[in-house]
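In: following is a predicted model, sequence given first.
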Amino acid sequence: MPYTLKQAAEATGKTKPTILRAIQSGKVSAKKDEHGEWEIEPSELHRVYEPAKDGDTSTDTHTGSRNGENTSDHETLRQEISLLREMLAERDRRVADKDGVIGDLRQRLDTEAEERRRTQAQLTALLTDQRPKQEQEPPRRRWFSFGTR
């Protein structure tokens, strides 16, 4: 059975405005019923927010949460930031490696193109007549005539 906005807030230990912002931003999908109230599927809600523990009276506000959760949340965020920085550094290393490979391949391609031009020039020289041209003799006259005069 779907939660109302109030039930969803109680089930997660969050405030109603927090749940509403999550719906409006698209983090949690929900629909309105015929009375205009939000219907939130529990599985969809708990995909984004952990279920509240029994006796949990914590609420999220802009200044932090109750029951000492503020420090654990900060530590979790620090760990996540550290992990993201490591992932970013690894990505930068991989991009640098790829750039190095691309540079090497371009250099090889340029070298091969130059070799191909040299080889083409050598083949052209071998296949063309390279003897010095002699002056051509005037055409010889025939000793007999065909009677065309």
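Out: The structure has been received and is ready for your questions. Since we're looking at a predicted model, the values are computed, not measured.

In: switch to C-alpha atoms for all contacts and neighbour counts from now on
Out: Will do.

In: tell me the gap between the longest helix seen in the chain and the middle of its chain.
Out: In the chain, with assignment by DSSP state H, the single longest helix is helix 69-127. The chain centroid and the centroid of helix 69-127 are separated by 14 Å, computed with CA atoms, centre = their mean, to the nearest Å.

In: just checking, what packs against that helix?
Out: Where contact means 3 or more CA pairs under 8 Å, 6 or more residues apart in numbering; DSSP states H and E, helix 69-127 is not packed against any helix or strand.

In: shouldn't Glu39 be within a strand?
Out: Yes - using DSSP: H, G, I helix; E, B strand; the rest coil, the assignment for Glu39 is a strand.

In: and it, how far from Arg94?
Out: 45 Å (CA to CA, to the nearest Å).

In: over to Arg140?
Out: Taking CA to CA, one finds Arg140 at 78 Å from Arg94.

In: more crowded one of these two?
Out: Counting neighbours by other CA atoms under 10 Å for Arg140 and for Arg94 shows that Arg94 has the greater number, 12 against 6.

In: separation between that one and Gly100?
Out: From Arg94 over to Gly100 the distance is 10 Å, taken as CA to CA.

In: got it, and Leu20?
Out: 49 Å.

In: point out where this structure drops to low pLDDT.
Out: Residue ranges of the chain with pLDDT under 70: 54-69, 144-149.

In: could you rerun that using 50?
Out: Applying pLDDT under 50 to the chain picks out residues 59-65, 67.

In: which residue is nearest the middle of it?
Out: The centroid of the chain falls nearest to Arg91 when counting by CA atoms, centre = their mean (10.7 Å).

In: look at Arg142 and give its secondary structure.
Out: coil.
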